[in-house]
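Colleague: have a look at this fold, sequence not included:
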């Protein structure tokens with residue numbers, strides 16, 4: 001009968017090294033499998049578009065405040081059909097965080113929402129003109145942060161819906177995701 005105080009025979013160092021190596025290998029394989037699963041479930045969808053609220057740079061009383069969310073909502077509605085899908089503006093409103101560089105904030109918005117394309121735009125009033133505005137739009141790949149295309153257009157201030165339709169057509173025409181044929 002062995003006593004609790006009797007020392008155990010030493011484990012050969014080679015067995016200990018093999019056991020430790022096997023444990024490390026199992027942990028590495030488990031980590032790699034976990035990373036691949038995470039990357040697949042969190043990869044951005046290239047056909048999903050996140051439209052950030054438009055920035056408005058207008059003189060006081062220009063009446064363009066309705067364009068901030070209204071233009072983004074109209075653009076989102078027009079982009080939300082195959083082969084593209086658009087993140088609803090209600091979700092964007094809950095996620096949007098403005099920043100000193102709104103283009104970067106738009107990319108971060110897209111990344112948080114799993115969108116592959118970030119759309120940022122701004123509306124500027126024109127000096128001495130109340131009947132028209134200057135609108136610029138950037139479409140940015142959310143994974144690479146590369147600007148895919150831009151739009152700069154002068155538009156009648158009374159027609160934000162017509163502008164949304166034209167911008168949506170431009171995004172659809174220039175976006176790398178094309179309909180299946």
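Modeller: Great, that's in hand. Keep in mind that what you see is a predicted model, and the values were worked out from it rather than measured.

Colleague: which of the residues in stretch 164-171 are buried?
Modeller: Under the neighbour-count criterion of 16 or more other CB atoms under 10 Å, stretch 164-171 has 164, 166-168, 170-171 buried. (Glycine included, C-beta is placed from N, CA and C.)

Colleague: which of those residues sits closest to residue 17?
Modeller: For the buried residues of stretch 164-171, the minimum distance to residue 17 (CB to CB) is 59.1 Å, reached by residue 171.

Colleague: check the secondary structure at that closest one for me.
Modeller: With DSSP: H, G, I helix; E, B strand; the rest coil as the basis, residue 171 sits in helix.

Colleague: ok, now which ones touch it?
Modeller: Neighbour list for residue 171: 49, 75, 79, 84, 117, 119, 137, 139 [criterion: CB atoms under 8 Å, 6 or more residues apart in numbering].

Colleague: and those, which two are the farthest apart?
Modeller: So for the contacts of residue 171, where distance means CB to CB, the most widely separated pair is 84 and 137, at 15.1 Å.

Colleague: ok, residue 80 - how many residues close by?
Modeller: Using other CB atoms under 10 Å, the number of residues around residue 80 comes to 16.

Colleague: what does it show for phi and psi?
Modeller: phi -90, psi 60 (degrees, to the nearest 10).

Colleague: restricted to helices, list the contacts of residue 171.
Modeller: Members of the contacts of residue 171 lying in helices (criterion: DSSP state H): 75, 79.

Colleague: return the member of the contacts of residue 171 nearest to residue 153.
Modeller: Closest to residue 153, out of all of these and judged by CB to CB, is residue 137, at 8.2 Å.

Colleague: could you pull up the mean pLDDT of the top helix by length along the chain?
Modeller: In the chain, taking DSSP H as the definition, the longest helix is helix 13-41. Mean pLDDT, helix 13-41: 77.
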